[in-house]
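1. Need a 3D model of the following:
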Amino acid sequence: MRNIQVCSDSLLSVINNVLNFSKLEAGKFQVSLVKTSLHDLLDEVTLLFSSQAQKKGLIFKLSNSAPEFLETDCACLRQILINLIGNSLKLTEEGSIALIGNKVVDEVHLEVRDTGPGIAKEDFEKLFSSFV
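-> Next up, the predicted model:
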């Protein structure tokens, strides 16, 4: 039941992100910073993708030593993680995907690491282009 709720929340998030993209293009997007449980967010994203990884024969790992709470735009951060992990899941054929949270001095670092092929050097400049 929890997985169904997480998936439906994720679908709603995708719809909202399409709307947010339109706002961003029009220069009207606003970030909403609120105190967020980073631990809950990382657990939620892990739950969303762990069964898909398992179906592909991949190991999905969560390693989190970041602080529990973070002031962030939770919806934006969730979507960034969903996009990164979703891409890893699509392109990784064997091995593992890891979601890693760390505190480094006064910063929180989040990393998605996988055993996939990576991004070709000639595609680096396209990385942050819309719809690429």
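2. Can you list phi and psi of Val31 for me?
-> phi -80, psi 140 (degrees, to the nearest 10).
3. sorry, that was for Leu91
-> Main-chain torsions, Leu91, degrees, to the nearest 10: phi -100, psi -10.
4. neighbours of it, just the number please.
-> 13 (other C-beta atoms under 10 Å). (C-beta placed from N, C-alpha, C; glycine too.)
5. who are the neighbours in contact with the spatially most central residue of the chain?
-> With distances taken as C-alpha atoms, centre = their mean, Leu81 lies nearest the centre of the chain, 0.7 Å away. Shown in contact with Leu81 (C-beta atoms under 8 Å, 6 or more residues apart in numbering): 41-42, 45, 99, 110, 112.
6. Make sure it is indeed in a helix.
-> Yes: checked against DSSP: H, G, I helix; E, B strand; the rest coil, Leu81 lies within a helix.
7. what bridges to Ser63?
-> As for beta bridges, Ser63 partners with Ile100 under DSSP bridges.
8. Neighbours of it, how many?
-> The number of residues near Ser63, taken as other C-beta under 10 Å, comes to 13.
9. Hmm, it is touching Gly101, no?
-> Yes: if you go by C-beta atoms under 8 Å, Ser63 and Gly101 touch, sitting 7.2 Å apart.
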